[in-house]
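J.: Build me a model from this:
(2 chains)
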Amino acid sequence: MTKTIRREILVPQPREQVWRALTDSTTLAEWMFPNDFEPRVGHHFTFRVPPDPKVGFDGLVVRCEVLECEPPSRLAFSWSAGGPVENTRVSYRLEPDGDGTRLVFEHSGFDLSQPWGDQAFQGAEFGWAKMFKQLSAVVAGLAADRK
Amino acid sequence: MVLTPDREPDVFTAISHRARRQMLDLLTEAERPVSVIAAHFEMSRPAVSQHLRVLLDAGLLTEQRHGRERRYRLVPEQLGPVRDWIAHYERFWDDHLQRLQKQLSKRNRE
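T.: This is a model prediction of the structure:
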């Protein structure tokens, strides 16, 4: 079983504008994390999740490679953050919907049926527990930001 | 970074070791005696037992005596926390997609 996270959202903005938010490095940094993204297939980039000492989170680097880039309709990149999240795939599909855009988001490739397989775990001693806590801290931090 | 150690050995720590994941792998097919498990590893029998102990303590295995033999069985339900891990990623993306929507409406106003 490979688990996929899938979300569909409707936004009132046209595809070109959504595409910019997804692919312009500066704009992307505003809603994701600092990055060196470039919209071309084969480009390797990282998202640098900054540390947050308040919640005991010491930062994280997500390694990515652009896999598909067809403006303004398709973007996909690999997403490797350690643990069960090596070589997973993040993709966005942008479909016109009236004047707005239907954005179909997917994050796939978490293979949970074999969580101990070599593919999912590169490096034998990865700190799962730490990764779990870090991600929880990031999410908690984001939730706090909104308040 | 200082993290408060968990009181009880958790599933994530238990599966953080390659050998222990391989042991779980072996046990997905059938329950097996320690001798069969040990035959797959180049480590000493006490080392194998120690790893099995960690898995037992995390509740991932049960142990049963059959005569002179101990057999180990996987308790797959105990991997629940690993699946919950994915739920955290879902929240992560829900948060970020919301941020994207805010970002888009901000640009609209500009």
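J.: now chain A, which segments are flagged as low pLDDT?
T.: Within chain A, the ranges that satisfy pLDDT under 70 run A:1-3, A:52, A:54-58, A:83-84, A:111-147.
J.: Equivalent analysis for chain B, please.
T.: Counting by pLDDT under 70, chain B shows low-confidence ranges at B:1-10, B:81-85, B:107-110.
J.: ok, which stretches of it are strands?
T.: Counting by DSSP state E, chain B has these strands, from start to end: B:32-33, B:61-66, B:69-74.
J.: which helices and strands sit right next to the first one?
T.: Spelled out, that is strand B:32-33. Packed against strand B:32-33 by the contact rule (3 or more C-beta pairs under 8 Å, 6 or more residues apart in numbering or on different chains; DSSP states H and E) you find strand B:69-74. (C-beta placed from N, C-alpha, C; glycine too.)
J.: what do you get for the last one?
T.: Here strand B:69-74 touches helix B:18-29, strand B:32-33, helix B:34-39, helix B:45-57, strand B:61-66, going by 3+ C-beta pairs under 8 Å, 6+ apart.
J.: could you redo the strands of chain B as CSV and give each row mean neighbour count and distance to A:Arg48?
T.: Below are the strands of chain B laid out as CSV (neighbours: other C-beta atoms under 10 Å in any protein chain shown; distance: least, C-beta to C-beta, whole Å):
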stretch, mean neighbour count, distance to A:Arg48
strand B:32-33, 17, 44
strand B:61-66, 13, 39
strand B:69-74, 17, 38
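J.: Output these as CSV; include the columns distance to B:Ala39.
T.: As requested, these are arranged in CSV below (distance: least, C-beta to C-beta, whole Å):
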stretch, distance to B:Ala39
strand B:32-33, 10
strand B:61-66, 17
strand B:69-74, 13
